[in-house]
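Undergrad: Only the shape, not the letters, is given here:
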């Protein structure tokens, strides 16, 4: 059973006991990500995520690592468009230790200037690494095209200039603005005593209350058709096509998940069977939906040879048009609905996955995670639901396409396909 409580300072704690396991996963979720950043603070959320592991008032970076390694645990963090999460997994007997360390790095990091300089270099290398990965670059560029000047276009890593410009003072100012109790959810899943968990989190997360809370950000897309060609001397052309999707709490998120599976979400999908299995035009081809608080996307990707790029792009567009005009079959609906349900349930068997679902749902959707409701909504997707969403999410007049590779001399032909 999932339970939640609010600490005296306003931090929300949500937890689920799993008596059949020996582990405990805990996460600290902060309501900040790249959507809250300006041009000057671009990449701040991500750089802070790095810096908290560089030392606190009680522990240096090595001690943080040694204490977790000593109990066979692991600790990490990630930054997304809308949130930052610090998480750890340990044996159930070390619950208090994980509360101690996570609260310590989140609230008591020192942000040493010398360590900041080193970590700025690390993040700059991360940006370069992303630019050297044509698949990642195609996805990032397609997303930026799709959202234009809106908040969701902001890259999570920031820019080279913004990362270089951060000082200890500017980074701490950003952290102090958003790392306040009302912006924080602590989620926990695993084998634990409920009273011990509440006592531990209350003791270690005892930070000053604040009336401040992050204001909601309007997340939307401007609409329109866009394309971008990025010349890279790589062996393949990487195609990424982004279409409109649905927000997390929109009923359309379940039909679009099933539709994505039919189009390119699995080995039995149309794109995989046509482009890879029948024609041998690409090794990697797939689609996936992404949901945000106020909107979402449906993304199609393929990596193919320079000479085959036009045909692969044409096949992708033709399949979108075919599905839009002819719909899907009952057999496809039933197969992909069952597949989605199976993938979802199998993915939720670990304490880490359940901790993620608990924290993310409460932080971003302001409600308690409900597995049975999710399963029911997957099972209830109908042909009518699929038909209802297709005019929006398969609208090529609102598609953004990024192509990365040796595309210069084939630009005219590719543009003709996109038109």
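TA: That came in fine, so what should we check first? The structure presented is a predicted model; accordingly, all values stated were derived computationally and were not measured. Numbers count the residues shown, from 1 in each chain.

Undergrad: Now do the strands in the stretch 101-250 of the chain.
TA: For the stretch 101-250 of the chain, applying DSSP state E, counting those that start in this stretch gives strands covering 184-190, 226-231, 236-244.

Undergrad: where are the low-confidence patches of the stretch 201-350 of the chain?
TA: 209-218 (pLDDT under 70).

Undergrad: which residues in it form helices?
TA: 253-263, 270-271, 309-326, 330-347 (DSSP state H, counting those that start in this stretch).

Undergrad: Against which helices or strands is the second one packed?
TA: It stands for helix 270-271. For helix 270-271, the packing partners by 3 or more Cβ pairs under 8 Å, 6 or more residues apart in numbering; DSSP states H and E come out as helix 253-263, strand 282-291, helix 309-326. For glycine as for every other residue, the C-beta is placed from the backbone atoms N, C-alpha and C.

Undergrad: before we move on, the earlier item: let's have the strands of the stretch 101-250 of the chain in TSV, adding distance to residue 33 and mean neighbour count.
TA: Compiled in TSV, the strands of the stretch 101-250 of the chain are given as follows (distance: least, Cβ to Cβ, whole Å; neighbours: other Cβ atoms under 10 Å):
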stretch	distance to residue 33	mean neighbour count
strand 184-190	14	27
strand 226-231	24	16
strand 236-244	19	25
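
Undergrad: any chance of these in TSV, with distance to residue 388 too?
TA: Formatted as TSV, those follow (distance: least, Cβ to Cβ, whole Å):
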stretch	distance to residue 388
strand 184-190	33
strand 226-231	26
strand 236-244	14
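
Undergrad: So which of those is nearest residue 360?
TA: Nearest of the strands of the stretch 101-250 of the chain to residue 360, taken as Cβ to Cβ: strand 184-190 at 8.1 Å.

Undergrad: So which elements touch the closest one?
TA: strand 12-17, strand 23-30, helix 194-204, helix 351-365.

Undergrad: and that strand, which strands flank it?
TA: Counting by DSSP bridges, the strands paired with strand 184-190 are strand 12-17 (parallel), strand 23-30 (antiparallel).

Undergrad: Deepest-packed of those, please.
TA: strand 23-30 (a mean of 26; mean count of other Cβ atoms under 10 Å).

Undergrad: next SSE after that one?
TA: helix 44-51 (DSSP states H and E).

Undergrad: For that next one, which residues meet the burial criterion?
TA: Neighbour counts over helix 44-51 (16 or more other Cβ atoms under 10 Å) mark 44-51 as buried.

Undergrad: what separates that helix from the chain centre, distance-wise?
TA: Here the centre of helix 44-51 is set off from its chain's centre by 16 Å, with Cα atoms, centre = their mean, to the nearest Å.

Undergrad: likewise stretch 305-315?
TA: The chain centroid and the centroid of stretch 305-315 are separated by 29 Å, computed with Cα atoms, centre = their mean.

Undergrad: what's next to it, contact-wise?
TA: 235-237, 239, 241, 271, 274-275, 279, 281-282, 285, 302, 304, 401, 403, 405-407, 410, 413-414, 417-418 (Cβ atoms under 8 Å, 6 or more residues apart in numbering).

Undergrad: which of the residues you listed count as buried?
TA: If we count by 16+ other Cβ under 10 Å, the contacts of stretch 305-315 have these buried: 236-237, 239, 241, 271, 274-275, 281-282, 285, 302, 304, 401, 403, 405-407, 410, 414, 417-418.

Undergrad: thinking again about what came up before, so which of the strands paired with strand 184-190 is nearest residue 321?
TA: Nearest to residue 321, of all the strands paired with strand 184-190, is strand 23-30, at 40.3 Å by Cβ to Cβ.

Undergrad: quick one, what contacts the residue nearest to the spatial centre of the chain?
TA: Taking Cα atoms, centre = their mean, the centroid of the chain lies closest to residue 80, which sits 5.1 Å from it. Contact analysis of residue 80 by Cβ under 8 Å, 6+ apart lists 33-34, 156.
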